[in-house]
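Student: Here is my input; please provide its structure:
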Amino acid sequence: MPSIKSQNAGQKPLNNPTQKPRPPIVVVMGHVDHGKTTLLDYIRKTKIAEREAGGITQSIGAYEIEKNGQKITFIDTPGHEAFMKMRQRGAHIADIGILVIAADDGVKPQTEESIDILQNSKTPFIVAINKVDKNNADIEKTKNDLLKHGVFLEGFGGNVSWQAISAKQGEGVDELLDLVLLMWQLENPTYNPEGVAKGFVIEAELDSRRGILASVIVVDGVLKFGDDIATPTAFGKVKVLENFLGKRVDELHPSSPALVVGFESLPSIGQSFTAGKLELETAPNSQIEEKKKNPIIQKEVNDNMINVIIKADVSGSLEALLQIIGSLDIDGKKFKIVSESIGEINDSDVKLASTANALIVGFNTRIVKSADNLARGQNVKIVSSDIIYRLIESLEKIVKGESDSQGEPTMEVLALFSQKNKKQLIGGKIISGIFTLNQKINIKRNGQSLGFGRIESLRQGKSVVKKVSEGEFGIMIESPTMAQVGDLISIEYAK
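Tutor: Purely as a prediction, here's the structure:
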């Protein structure tokens with residue numbers, strides 16, 4: 001590993017006096033469970049990994065930290081194979097990559113894929129050999145493994161910098177950040193503070209209260225509140241501008257992550273944006289938007305084709321679902337996507353599913369109570385989860401004719417921690433479905449309903465959460481009916 005120079009040593013001079021150095025944008029890539037999110041957790045002194053469903057990061061995020069007075073923006077890309085496009089997008093946006101590889105596991109499929117993406121996009125990168133604190137860690141074997149896959153580390157006949165780390169313990173992380181700053185000094189990315197604001201959309205979603213939310217990264221100019229903003233398929237005005245901490249700001253400089261409220265239609269993720277005083281198109285061409293408004297329903301019967309309607313929380317998740325479900329082949333049966341969109345599963349989705357003889361697949365999105373009732377009445381099947389492989393398992397069961405119904409969300413009471421007045425703190429485990437805040441619950445004993453109540457809070461592990469889909473958890477309910485160990489608590493949807 002090279003010795004680290006002083007912060008200004010070796011930095012290339014600026015050729016254009018109007019240009020100013022901008023902080024580096026760093027993408028973190030690697031195989032699932034090799035410690036990417038844990039690394040970012042340690043760097044940012046926060047806890048994200050414990051809150052991710054199933055321990056897998058399933059949406060792209062950007063975060064800003066500071067090291068020795070120098071800002072660094074990190075892009076965290078999911079490692080699961082379903083999210084290849086999201087990793088590709090992250091690499092093309094970034095100035096520098098960190099390839100995380102576990103010393104106890106070596107090169108895996110997503111490691112190979114990440115190497116290809118970094119090399120094909122010509123993104124300079126550093127290797128972080130993680131989990132060196134584990135008893136079965138083998139750094140030398142990991143180096144040789146990388147060598148076989150075309151990554152030539154320093155000391156192994158190449159010039160790719162590397163650092164042994166324990167993301168969990170923090171060992172070697174400061175040195176890794178020093179390597180990032182050294183590479184930044186050599187790459188020297190710049191921006192024009194007087195130029196038009198430019199950047200990339202890294203995520204987009206439809207919020208029921210705030211409208212369309214776009215997560216962006218600024219790479220040139222200064223993004224300001226009130227600016228016109230446009231991508232090739234969407235436009236609007238910056239009505240709300242927030243930094244990555246959720247604080248409202250008047251302007252953001254490169255390489256800041258930002259949340260923008262104000263697009264009139266959903267921008268496509270990965271697209272570039274321009275902001276300022278713009279001549280905006282009045283009719284952006286968005287095939288996805290048109291497809292959502294006018295889904296093509298083929299009424300002919302095909303025994304080998306199953307119609308599906310896909311709903312997801314954000315654009316990145318939707319993109320991944322379209323890719324993975326569109327390519328599924330289970331026992332000779334394939335899936336035809338008749339509609340896809342972002343947001344909660346509502347009455348219109350159920351009516352469309354009934355007309356198209358389709359099932360609804362929902363990822364990390366809630367089901368409106370009236371839609372759930374309508375689906376039950378019209379015998380429309382809804383498959384919903386916040387873990388992608390569970391969705392695939394459910395689809396496999398449907399094809400094979402196995403019982404796939406999750407039934408109404410139900411938990412079993414395992415322990416009573418406190419019961420005072422109407423407040424009850426209960427420990428339990430999920431039997432089926434998803435529990436979320438403020439839902440109405442039904443307490444049942446021996447198949448009989450005893451009374452109703454409402455969920456006030458949820459906790460899983462040490463974290464307060466908004467929903468629980470599997471495993472053991474704690475729940476605070478308000479109910480005049482006192483629960484007992486062995487009771488079942490289910491969600492009671494309004495009729």
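
Student: what helix or strand is Gly486 on?
Tutor: Here Gly486 sits in a region with no helix or strand, counting by DSSP states H and E.

Student: So it versus Val180, what's the distance?
Tutor: Using Cβ to Cβ, to the nearest Å, Gly486 is found at 54 Å from Val180. Just so you know, the C-beta spots here come from the backbone N, C-alpha and C atoms, and that holds for glycine as well.

Student: For those two, indicate the residue with more neighbours.
Tutor: Val180 (22 against 10; other Cβ atoms under 10 Å).

Student: which SS state does that one fall under?
Tutor: Following DSSP: H, G, I helix; E, B strand; the rest coil, we place Val180 in the helix state.

Student: again, but for the one 5 residues further on
Tutor: Following three-state DSSP, the label given to Gln185 is helix.

Student: residues near it, how many?
Tutor: Gln185: 19 surrounding residues under other Cβ under 10 Å.

Student: Lys466 now?
Tutor: Using other Cβ under 10 Å, the number of residues around Lys466 comes to 11.

Student: The closest residue to it other than its chain neighbours and Arg454, how far apart?
Tutor: Closest residue to Lys466 apart from its sequence neighbours, by Cβ to Cβ, 6 or more residues apart in numbering: Leu437 at 5.7 Å. Using Cβ to Cβ, one obtains 9 Å as the distance from Leu437 to Arg454.

Student: Which SSE is immediately downstream of the host helix or strand of Ile443?
Tutor: Ile443 belongs to strand 440-445 when assigned by DSSP H and E. Using DSSP H and E, the next helix or strand after strand 440-445 towards the C-terminus is strand 448-460.

Student: Next, the angle strand 440-445 makes with that next one.
Tutor: 120 degrees (axes from the mean of the first three to the mean of the last three Cα atoms, to 10 degrees).

Student: mean confidence score for strand 448-460?
Tutor: Across strand 448-460, pLDDT averages out at 89.

Student: part of a helix, is Ala91?
Tutor: Yes: counting by three-state DSSP, Ala91 is part of a helix.

Student: dump the residue contacts of it.
Tutor: Ala91 makes contact with Val27, Met29, Thr77, Gly97, Ile117, Leu118, Ser121, Thr123, according to Cβ atoms under 8 Å, 6 or more residues apart in numbering.

Student: Next one: it from Arg44, what distance?
Tutor: 21 Å.

Student: what does Val26 give?
Tutor: Going from Val26 to Arg44 by Cβ to Cβ gives 13 Å.

Student: Repeat that for Val180.
Tutor: The spacing between Val180 and Arg44, counted by Cβ to Cβ, is 14 Å.

Student: And Thr38, by the same measure?
Tutor: Thr38 is 11 Å from Arg44, where distance means Cβ to Cβ.

Student: Settle it for me: which of these two has more neighbours?
Tutor: Ranked by neighbour count (other Cβ under 10 Å), Thr38 and Arg44 place Thr38 first, with 21 against 14.

Student: That one sits in which helix or strand?
Tutor: Using DSSP H and E, Thr38 falls in helix 36-44.

Student: What's the first helix or strand after that helix?
Tutor: Heading C-terminal from helix 36-44 (DSSP H and E), you reach strand 61-67.

Student: partners of that following strand in the sheet?
Tutor: strand 70-76 (antiparallel) (DSSP bridges).

Student: The partner strand: how far from the chain's middle?
Tutor: Mean-position distance between strand 70-76 and its chain equals 17 Å (Cα atoms, centre = their mean, to the nearest Å).

Student: Contacts for that strand, please.
Tutor: Here strand 70-76 makes contact (Cβ under 8 Å, 6+ apart) with 7, 23-28, 36-37, 40, 43, 57, 60-66, 90, 93-94, 177, 180-181, 184, 202, 217, 255-257.
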